[in-house]
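Enquirer: Give me coordinates for this.
(2 chains)
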Amino acid sequence: MRLDVRGLTVRYGAVPALLDLTLAVPSGQRRAVIGPNGAGKTTLFNAITGDLRASAGSIALDGRDVSRLPPWRRARLGLGRSFQRSTLFPGLPVADNLALAIRLRDRRAWRFWPGGEQRLRSEVGERLAAAGLDCVSSRAAAGLSHGEQRALEIELVLATRPRLLLLDEPMAGLSGSERRAALEHLRSLPPDVTLVVVEHDLDAVFAIAEWISVLDHGVLLADGTPDAVRADRHVQEVYLGSRR
Amino acid sequence: MTRAATLVRGGLLGAALVLLASLTFWAPPFWVSIAVQALIFAVFAMSVDLLLGYAGLPSFGHAAFYGTGALLSARLALANPGLGLLPLAGVSVAGTALLAVPFGALSLRVRGVYFLMLTLAFGQLLWSLAFQAPAEWLGGSDGLIGVARPPLDLLERVDEQLWLVAGVAPPLPAVRHFYNLTLLAAVLTFAVLSVLVRSPYGRTLAGIRENEQRMRALGCPTFRYQLTAFVVAGALAGLAGSLLTLFNGFANSSSLYWTNSGLVLIAAIVGGAGTLAGPALGAFVVLIAQEALSSYSQRWPLLLGAVFVGFVLFLPNGLLSTGRALRALAPTRPGTGRR
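Expert: Sure, this is the predicted structure:
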């Protein structure tokens, strides 16, 4: 799915978090959005999903303007997201967490009679195994470790079979081995899924991204291939400079 | 849930059902009439728990539907003497369901404690409308009196046949049939809600309770699910109100008053919100406590309040969680000085 952000401005009161931002992500691209804290990365995600109302500008998915659609309608068009802090169904068992996402994808949630969910249960089992969560399937999501919670959230979103996937710091707080597993998982996404990742872990960014957008103070500082961004002097000053 | 726990739960539920079904046989008439009121209150409590326990929506205005259901049945019965049970209850159910649409749609614009305050405000608004309505409509402060109980032909015939088969003289003819009716209504309410909360719809509703933002991000039109719960809960509270009128033979605006909304929440929480048997049990506890305490002191609401505070502190998941709470207490925790 192609994403077009045009002239996007989001203000918190008088302070602009994003100012006239224009960004295009072609279908199937692996894009990373980086920038220092407060650059507007999460705000950009919230505006794309509709969790936040933009002050100006438009968001289009596959050329269709979705700026006025509520978040659930955008999700049904194929937009999936993870949040910076794991956003799960804490009191429900891990397996039930996944079942909710699958029912919504199949439009089988609006039914008032129990039963007839054998296919659903087998898909839940497959996805639990894929996410490495099969041994904690009956535990409440709130009782999982941080790494397991991140894995469950990614699997929840993947269960809806998104065509545009927005991941907000998927590597944050993961251990070395969890990081490698998560990276592998992201690399194995179907090639037609468009991926936009906000991430502070630059090793992960350069490992995944085909294209990098650098945000600073709500404006696009640089936009290009990893090599071009690495070589950009402005980027080195405000962001990568600290790493040299 | 383990297999053993399911068996225990099923056994307890079956025992309760046997106890209730045979109640008119062994209980004195006074307690049968208390049981009728408790069963009506149980329908009311299960309905509010669909919102409180399953949808996570703490409605503090639910008495508006209870009272409106009561007044609708009374008004209709007085205007059309001889009308049967089904049309009377049906109008209460349909009327309160209809009322729940705007009531719910407006209240669902906010969440948490704001939802609680807004439902309280709407409930009190409806109470004040009913309270100030012209005497020709709702009977003023006296309310609508002299509502005749509709005949329960089918129920009576089945009941008489059963006694004939048993070969014993039936007890308490006057109140027995109405008791059986309320028991049937409570069992049906329990069954309908059990199916609903286990259906894909009910699971989705629980997901919205757990994390509404996540549900929206997964593509769920959450408002539609919540409003439906509000309408079902309102309609069942209307059914309870209708039964109340037909049992008492009168109805007045006081059943819409906010204290009823509070009392039904207490019943649901004391019994165990998020279950169906819990609120039904809580309704019995609250009504029996009310009966027992009010004979000792006029300040019984104070005592009931103290009991409620005790539950919130020591058994926050309600009476149904007693077993679990005792098991959690059993092992000695070193260093805390508690058992």
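Enquirer: Tell me where the model's unsure across chain B.
Expert: Scanning chain B for pLDDT under 70 picks out B:1, B:170-174, B:331-339.
Enquirer: Pull up the residues of chain A that are close to chain B.
Expert: A:49, A:51, A:70-73, A:75-76, A:80-81, A:83, A:87-92, A:96, A:99-101, A:103-105, A:108-114, A:117, A:156-157, A:160 (CB under 8 Å from any CB of the partner chain). Using the backbone N, CA and C atoms, a C-beta is placed for each residue, glycine as well.
Enquirer: Just the buried subset of the residues you listed, please.
Expert: With neighbours counted by 16 or more other CB atoms under 10 Å in any protein chain shown, those contain buried members at A:49, A:51, A:71-72, A:75-76, A:80-81, A:83, A:87-92, A:96, A:99-101, A:103-105, A:109-111, A:114, A:117, A:156-157, A:160.
Enquirer: In helices, which of the residues of chain A next to chain B appear?
Expert: Residues of these located in helices (DSSP state H): A:49, A:71-73, A:75-76, A:96, A:99-101, A:103-105, A:156-157.
Enquirer: Do a quick rundown of the helices in chain A.
Expert: A:41-49, A:71-76, A:94-105, A:118-130, A:146-159, A:176-187, A:202-208, A:226-231, A:233-238.
Enquirer: quick one: buried residues of the host helix or strand of B:Tyr225?
Expert: Element membership for B:Tyr225, per DSSP states H and E: helix B:222-248. For helix B:222-248, the neighbour count (16+ other CB under 10 Å) marks B:222-223, B:225-248 as buried.
Enquirer: Out of these, which are close to chain A?
Expert: Contacts with chain A within the buried residues of helix B:222-248, counted by CB under 8 Å from any CB: B:222, B:225.
Enquirer: Okay, the residue most central in space within chain B and chain A: tell me how far apart.
Expert: Centroid-nearest residue in chain B: B:Phe44, 1.8 Å away (criterion: CA atoms, centre = their mean). As judged by CB to the nearest CB, to the nearest Å, B:Phe44 and chain A stand 22 Å apart.
Enquirer: circling back to that earlier point, wait, which of the ones in helices among the residues of chain A next to chain B is closest to B:Phe103?
Expert: Among these, A:Trp72 lies closest to B:Phe103 (CB to CB), at 23.2 Å.
Enquirer: is it true that the closest one touches B:Arg216?
Expert: Yes - counting by CB atoms under 8 Å, B:Arg216 is a contact partner of A:Trp72 at 4.7 Å.
Enquirer: Spit out the residues that contact those two alike.
Expert: Listed as contacting both A:Trp72 and B:Arg216 by CB atoms under 8 Å, 6 or more residues apart in numbering or on different chains are B:Thr222.
Enquirer: Contact partners for A:Arg53?
Expert: Counted by CB under 8 Å, 6+ apart, A:Arg53 has contacts A:Ala47.
Enquirer: cool, the one 5 residues further on as well?
Expert: With contacts defined as CB under 8 Å, 6+ apart, the neighbours of A:Ser58 are A:4-8, A:65, A:67.
Enquirer: Which among those residues count as buried?
Expert: Applying 16+ other CB under 10 Å to the contacts of A:Ser58 flags A:4-6, A:8, A:67 as buried.
Enquirer: Which of those fall within strands?
Expert: Judged by DSSP state E, strands contain the following of the buried ones among the contacts of A:Ser58: A:4-6, A:8.
Enquirer: any chance of the residues you listed in TSV, plus pLDDT?
Expert: As requested, those are exported to TSV (pLDDT from 0 to 100):
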residue	pLDDT
A:Asp4	97
A:Val5	96
A:Arg6	96
A:Leu8	96
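Enquirer: Out of these, which is nearest to chain B?
Expert: Of all those, A:Val5 has the smallest distance to chain B: 18.3 Å, by CB to the nearest CB.
Enquirer: correct me, but that closest one touches A:Ala54?
Expert: No - with contacts counted by CB under 8 Å, A:Val5 stays clear of A:Ala54, the gap being 9.3 Å.
Enquirer: List the contacts of the residue lying closest to A:Ser175 once chain neighbours are set aside.
Expert: Leaving aside its chain neighbours, A:Ser175 sits nearest to A:Gly147 (6.4 Å; criterion: CB to CB, 6 or more residues apart in numbering or on different chains). Residues near A:Gly147 by CB under 8 Å, 6+ apart: A:173-175, A:178.
Enquirer: Tell me which helix or strand in chain A has the weakest average pLDDT.
Expert: Within chain A, no helix or strand scores below helix A:233-238, which has a mean of 81 by mean pLDDT, DSSP states H and E.
Enquirer: Only the buried residues of that helix, if you could.
Expert: Quick answer for helix A:233-238 (16+ other CB under 10 Å): A:235-236, A:238.
Enquirer: repeat for stretch B:213-223
Expert: B:214-223.
Enquirer: cool, stretch A:191-202 as well?
Expert: Buried residues in stretch A:191-202 (16+ other CB under 10 Å): A:193-199, A:201-202.
Enquirer: Equivalent analysis for stretch A:121-140, please.
Expert: Across stretch A:121-140, burial judged by 16+ other CB under 10 Å covers A:123-124, A:127-128, A:131-133, A:136-137, A:140.
Enquirer: CA atoms only: put it into PDB for me.
Expert: Only the C-alpha atoms of stretch A:121-140 are listed here, as PDB (Å, rounded to 0.1, in the frame of the first residue of the first chain):
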ATOM      1  CA  ARG A 121      -8.500 -21.400  16.900                       C
ATOM      2  CA  SER A 122      -6.100 -23.200  14.500                       C
ATOM      3  CA  GLU A 123      -4.900 -19.800  13.100                       C
ATOM      4  CA  VAL A 124      -4.300 -18.600  16.700                       C
ATOM      5  CA  GLY A 125      -2.200 -21.700  17.300                       C
ATOM      6  CA  GLU A 126      -0.100 -21.000  14.200                       C
ATOM      7  CA  ARG A 127       0.400 -17.400  15.000                       C
ATOM      8  CA  LEU A 128       1.400 -18.200  18.700                       C
ATOM      9  CA  ALA A 129       4.000 -20.600  17.400                       C
ATOM     10  CA  ALA A 130       5.300 -18.000  14.800                       C
ATOM     11  CA  ALA A 131       5.700 -15.400  17.500                       C
ATOM     12  CA  GLY A 132       7.300 -17.900  20.000                       C
ATOM     13  CA  LEU A 133       4.400 -17.400  22.400                       C
ATOM     14  CA  ASP A 134       2.900 -20.900  22.300                       C
ATOM     15  CA  CYS A 135       4.000 -21.800  25.900                       C
ATOM     16  CA  VAL A 136       2.400 -18.700  27.400                       C
ATOM     17  CA  SER A 137      -0.900 -18.900  25.400                       C
ATOM     18  CA  SER A 138      -3.200 -19.100  28.400                       C
ATOM     19  CA  ARG A 139      -1.400 -16.500  30.500                       C
ATOM     20  CA  ALA A 140      -2.900 -13.000  30.700                       C
END
